[in-house]
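What would the 3D arrangement of this be:
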Amino acid sequence: MDEQLFSKERIPLLIVISGPSGVGKDSVIQRMKEIGTAFHFVITATTRPKRSDEVEGLDYFFVGQAEFTDMIEQDELLEYAIVYDDYKGIPKQQVREAMQSGKDVVMRLDVQGAGTIRKLFPEALLIFLTTPSEQELLRRLEARKSETPEGRKLRIHMARKEMERVDIFDYVVFNADGELDAAVENIMAIITAEHHRVKPRQVKL
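Have a look, this model is predicted:
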């Protein structure tokens with residue numbers, strides 16, 4: 001009998017939840033927090049201005065351009081990218097410490113960032129969040145009132161390009177209007193199944 005089957009330790013996962021703008025990534029992450037999951041949710045550093053409903057150190061680390069440049073030069077970021085003329089990046093130390101403690105790490109990234117993580121850490125678990133149809137996605141993007149018409153056009157163009165990169169992901173989850181809990185349940189089921197793999201994913205930072 002294979003003794004390793006009974007002594008296998010639980011290996012933490014590096015989980016990326018990604019997808020185009022408007023698919024509900026923030027809503028999914030928020031609901032996962034509300035139901036009391038034991039994950040470490042990564043806080044992203046960004047140079048974009050803080051919105052009125054955002055909290056420093058909870059939603060993002062809001063930093064200046066010079067500070068972000070220093071983080072790049074000192075290799076303190078797991079990955080970073082320019083997103084709509086602003087920098088976003090994942091501080092490396094918080095991810096390493098969480099995984100060393102045995103916690104699964106959840107990162108909310110744009111598709112460009114997810115692609116970077118796939119190259120750096122092929123064993124990361126990548127989940128693509130989207131809407132059941134392109135029409136629903138376009139409707140959500142066009143309904144945004146916080147952007148200029150040019151900004152909405154850019155997001156729609158980017159969303160269409162990002163949909164073409166779904167093949168770099170391991171799973172796709174649909175987040176339909178009014179069915180947020182179903183989307184979260186599917187994500188949780190994926191994570192549970194991944195912890196029951198015979199050959200678990202192993203990410204080394």
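
Skipping its backbone neighbours, what lies nearest Thr37 in space?
Residue nearest to Thr37 in three dimensions, not counting chain neighbours: Met188, with 7.4 Å by C-beta to C-beta, 6 or more residues apart in numbering. Where you see a C-beta, it was placed from the backbone N, CA and C, and this is true even at glycine.

Quick check: which element contains that neighbour?
Counting by DSSP states H and E, the element that carries Met188 is helix 180-194.

Which positions in that helix come out as buried?
Residues of helix 180-194 classed as buried by neighbour count (16 or more other C-beta atoms under 10 Å): Ala183, Val184, Asn186, Ile187, Ile191, Glu194.

what's that helix packed up against?
Helices and strands touching helix 180-194, by 3 or more C-beta pairs under 8 Å, 6 or more residues apart in numbering; DSSP states H and E, are helix 25-34, strand 125-130, strand 171-174.

mind listing the strands in this structure by residue range?
Along the chain, counting by DSSP state E, strands occupy 14-18, 40-41, 44-46, 60-62, 77-83, 86-91, 105-108, 125-130, 171-174.

what's the closest of those strands to Lys119?
Within the strands of the chain, the stretch nearest Lys119 is strand 77-83; the backing value is 9.2 Å (C-beta to C-beta).
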